[in-house]
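Q: coordinates only, sequence not included:
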């Protein structure tokens, strides 16, 4: 299904992605972590991930660790991998085509996780053209983004995760914490981050316009 | 009325424009498409347009297709043109002086298309100096931006379009989708995007200030 | 009181200032105009000003005109000076120490001019440390920013202006239009733009928090 | 506990930090000031600080002063140190591990200092993962940011300060003025600014969503 991915290339892609997200204020205060799966389809899982506690606007090639399925570094390193490395591993194990997993802390993701839940455990989006960028055929469908309770117990959280995420919806929120998303390539993971963030800003705008009536559907094309 | 426009120049102008819009978060997640009409006044229509699914912050000269009036590529290409190419073609056919058509996905455009309709099918702007940048003589007039129902049936939508757009108002919204605008040059299309976006941010601000009284007109100049 | 200012230096300062303001979205759609007084204290007024209709993010040295007290170009030029050049001239004539006059179109300035008037003709700011940057000794004082009705009759407006502006408050708003400010150097004019814009964002934030109680004064220092 | 810090390195770090904060609009209109303690643990306090009234987006190495515990310049200089230098000195004296003190003027800090006080004299944050970046072990705890009445009497304010700030919470607000924060290195002070600003934007979002119900806790991990 997919081949090995060179470590050096992975690191340079992640430096550039992190810098772009930092500039947009999506990874403030050294928050978040980005990874790329470097193992091929029939090999034991390993991936390159940002080391813990680094300024995401100023990463260098030495600010990364290579870890295995248990989240522990494969090589000798001075760096700590983040405890959240386990969540990256859980995504890679459940979603076989995920090549990159990106986790960011945006203010909008945190607000929506506390104020935007459609039912008790997810946020639903519908009727927006931008949904097609998540891989849907039409804007006229519904996407349900899972929201999980935040925790410092990453092992338990990583065991819950496979029951809540799906191949068709590339992402989940941790409550009061941030967004995880992924894609079949780093390009797709970056695209998905931008789309979720657009959806979050749209929904927050809707919540702030509470009391302003929404317009009914117009005359449809072809009707 | 207008002459041919060199393909290479068109491509470099579009790369720079797309990068600027991407940086402002107006083309997130590979969304939107930009085109320049390259055919002269008495030739069959053809135009250069961004290929489908490209990161608008990282376009290269190979990320474009040259298409004809039916939206199909004129030359052999590995790229797909977007289905929305038909809407660009419809604008060029109706608005003879349009040299460039720019389509962006801003959060504000999507919100206003659902919450800001003055009547059932348009958004009206009045009393803002910035309106003059759309080609009006005075701020003290009214501009009506058409809003069309979104659809995945681009052929039908492209057939409806000529009945809704006008030479005097360079733009329309697709509901829950985004903005199309155009101009007599790429310079003017860029100016119009910036002006519409200013107007959208102003109107959203007004909607969020619901309940705050607006000030009456002051003593007029010369009165 | 002040000496001549070299044209070339003025032009390079204005290019850099305009580019910075454009990047912040304060001069969208070719809006606004910036000028520097180049004549010395005992000479007839002349100043360098951005030509009409130029992209403020991409100015070149040829995008400027040198004008006199009547707003008309002093030298042969292909460029039009903006009708608003008369307002720059009116400021330079009334405020003798003004070396630079900067005019920008921010969404926040336009919103406040319509929704933020404290009484019928001005906006008052009080109690903010940032006010000291306008030249005040303390934050604990009041600044009154005049707001004038917008008009396309620039001659009449330029005649009204001297009755509304003051040396102590470097700025005024045109309703639904934008901000004018000035300073004893281009450095000071830029500082004043940034301070007014901060004050506008603060006041809009206050208006959007309507219903949220403000906190009373804390125990004062030294009390 | 800590060694000397070279002046030249301190100045270059502060230029880069100030430029980054200016770009984010956190130091508009020459506001704010940044410092690094250059003296070692057992020496009399001295530190490098931005000179008063400089554009924070265009600092040069000559825009700094070296001051002692009384806030007065140690060397001959043409520059004035800001009156607020006394507050930097007060922080360095109370918080022995503070290597850098950063003070910025953000609109959000000023708004919260007037509209976001949880009780009369502080703002409380709880339940956000980002709190861990302030040095806490878990998101599930409370941080109390002190808010002090603003004043132009810096001497008295600097004497009050030690009674209000604590090692465990790196920061305080001045009402209607801005944020002070610090860290064991310039890296940590920058991280803390970004985290406080995230927390301010989150809290303002909450205040603007007044009336929107917040979601209850989800099923906890491990429960």
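A: Received the coordinates, thanks. Computed from a predicted model, the values in this text were never measured in an experiment.

Q: what residues does chain A put near chain D?
A: Residues of chain A lying close to chain D by Cβ under 8 Å from any Cβ of the partner chain are A:25, A:28-31, A:55, A:57, A:105, A:107-108, A:110-111, A:113-117, A:120-121, A:147-153, A:156-157, A:160, A:174-178, A:204, A:207-208, A:210. From N, CA and C alone the C-beta is placed, and that goes for glycine too.

Q: same for the longest helix anywhere in chain A, what does it pack against?
A: Determined from DSSP state H, the single longest helix within chain A is helix A:186-208. Other helices and strands packing on helix A:186-208, by 3 or more Cβ pairs under 8 Å, 6 or more residues apart in numbering or on different chains; DSSP states H and E, are helix A:7-23, strand A:100-104, helix A:107-115, strand A:122-126, strand A:178-183, helix B:107-115.

Q: ok and the third one relative to strand A:122-126, angle-wise?
A: Spelled out, that is helix A:107-115. With axes from the mean of the first three to the mean of the last three Cα atoms, to 10 degrees defining the directions, helix A:107-115 sits at 110 degrees from strand A:122-126.

Q: now helix A:107-115: how far from the chain's centre is it?
A: Centre-to-centre, helix A:107-115 and its host chain are 14 Å apart (Cα atoms, centre = their mean, to the nearest Å).

Q: so that helix, near chain B or not?
A: No - with Cβ under 8 Å from any Cβ as the criterion, chain B is not reached by helix A:107-115; the gap is at least 10.3 Å.

Q: ok, and what's touching that helix?
A: Residues outside helix A:107-115 that contact it (Cβ atoms under 8 Å, 6 or more residues apart in numbering or on different chains) are A:25, A:123, A:147, A:173-179, A:196-197, A:200-201, A:203-204, A:207, D:128-130, D:198, D:201-202, D:205-206, D:209, D:212-215.

Q: at 7 Å what do you get?
A: For helix A:107-115, the external contacting residues (Cβ atoms under 7 Å, 6 or more residues apart in numbering or on different chains) are A:123, A:147, A:173, A:175-179, A:197, A:200-201, A:203-204, A:207, D:128, D:198, D:201-202, D:205, D:209, D:212, D:214-215.

Q: before we move on, what about the longest one?
A: Residues outside helix A:7-23 that contact it (Cβ under 7 Å, 6+ apart): A:27, A:34, A:36, A:38, A:48, A:50, A:56-57, A:59, A:61, A:64, A:66, A:102, A:104, A:186, A:190.

Q: please redo it, this time with the cut-off set to 8 Å
A: With Cβ under 8 Å, 6+ apart as the test, helix A:7-23 has contacts from A:27-28, A:32, A:34-36, A:38, A:48, A:50, A:55-61, A:64, A:66, A:102, A:104, A:186, A:189-190, A:193, B:57.

Q: that one - what's its average pLDDT?
A: Taken as a whole, helix A:7-23 carries a mean pLDDT of 98.

Q: next secondary structure after it?
A: With elements assigned by DSSP states H and E, the helix or strand that comes after helix A:7-23 is strand A:33-37.

Q: now the helix or strand following that following strand against strand A:33-37, angle please.
A: Counting by DSSP H and E, the next helix or strand C-terminal to strand A:33-37 is strand A:46-50. Using the same axes, to 10 degrees, the inter-axis angle of strand A:46-50 relative to strand A:33-37 is 160 degrees.

Q: which stretches of chain A have low pLDDT?
A: Chain A contains residues with pLDDT under 70 at A:1, A:219-223.

Q: in it, what residue comes closest to chain C?
A: Minimum separation of chain A from chain C (Cβ to the nearest Cβ) falls at residue A:208, amounting to 8.3 Å.

Q: ok, residue A:187 touching residue B:55?
A: Yes - judged on Cβ atoms under 8 Å, residue A:187 makes contact with residue B:55 at a distance of 6.8 Å.

Q: before we move on, back to that, tabulate the helices and strands packed on helix A:186-208 (a markdown table), appending mean neighbour count.
A: Converted to a markdown table, the helices and strands packed on helix A:186-208 look like this (neighbours: other Cβ atoms under 10 Å in any protein chain shown):
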| stretch | mean neighbour count |
| --- | --- |
| helix A:7-23 | 18 |
| strand A:100-104 | 27 |
| helix A:107-115 | 24 |
| strand A:122-126 | 17 |
| strand A:178-183 | 26 |
| helix B:107-115 | 24 |
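
Q: fine, thanks again, bye for now.
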